[in-house]
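Novice: pasting the sequence and the predicted model now:
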Amino acid sequence: MADSKLRDLSMDFAVNILRQCEQVKGHYSLVNQLERSATSIGANIHEANYAHGRQDFIAKLQISLKECYETEYWMELFQKARILEPDTGTKLMNDCGTIRRILIASINTAKGNGKGGPNAG
């Protein structure tokens, strides 16, 4: 099921971000921003599964997508400032891009066919 894959990917991504952030010395406010946006992606995906109908389901996924874009910004900043190792940054950006593409497809599907969450109708 796509929802389960998306939940798993976002959880693994958040764990990887947290592990990388543990390695960063200094830059505490930037680390906090990255951790917050990266973990919010999965939290909103998880919350979407308990949505109160299709519109709420779509809204939660859209919030998750916004957090995904914000996370990409912070990771790009970390890469340009050489706070993250290049290989690590590239892998994390690719993982975030995969989640973003699945979110976009899920939102488009939910909008297009009237289906969405477990409580949609």
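Specialist: All right, it came through fine. Numbers count the residues shown, from 1 in each chain.

Novice: got the phi and psi for the residue positioned nearest the centre of the chain?
Specialist: Most central in the chain under CA atoms, centre = their mean is residue 41, positioned 3.2 Å from the mean C-alpha point. Residue 41 adopts backbone torsions of phi -60, psi -60, taken as degrees, to the nearest 10.

Novice: I'd assumed residue 99 was in contact with it.
Specialist: Yes: between residue 41 and residue 99 a contact is recorded at 6.3 Å, counting by CB atoms under 8 Å. Heads up, the C-betas are built off the backbone N, CA and C, glycines and all.

Novice: residues near residue 15, how many?
Specialist: Using other CB atoms under 10 Å, residue 15 is surrounded by 13 other residues.

Novice: now do the phi/psi pair for it.
Specialist: Dihedral angles phi and psi of residue 15 (degrees, to the nearest 10) take the values phi -60, psi -40.

Novice: just residue 49 next, same as before
Specialist: In terms of degrees, to the nearest 10, the main-chain angles of residue 49 are phi -70, psi -10.

Novice: quick one, grab the pLDDT at residue 1.
Specialist: For residue 1, the pLDDT comes out at 42.

Novice: quick one on the thing from earlier: need the overlap of contacts for residue 41 and residue 99.
Specialist: Jointly contacting residue 41 and residue 99 under the rule CB atoms under 8 Å, 6 or more residues apart in numbering are 10, 13, 68.

Novice: which stretch of helix or strand covers the last one?
Specialist: By that I understand residue 68. Assigned by DSSP states H and E, residue 68 belongs to helix 54-80.

Novice: packing partners of the helix or strand following that helix?
Specialist: With elements assigned by DSSP H and E, the helix or strand that comes after helix 54-80 is helix 86-113. Applying 3 or more CB pairs under 8 Å, 6 or more residues apart in numbering; DSSP states H and E, we find helix 86-113 packed against helix 2-23, helix 28-48, helix 54-80.

Novice: for the closest residue to residue 63 other than its chain neighbours, which residues are in contact?
Specialist: Counting by CB to CB, 6 or more residues apart in numbering, residue 63 lies nearest to residue 44, which is 4.7 Å off, once chain neighbours are set aside. Counting by CB under 8 Å, 6+ apart, residue 44 touches 60-61, 63-64, 67.
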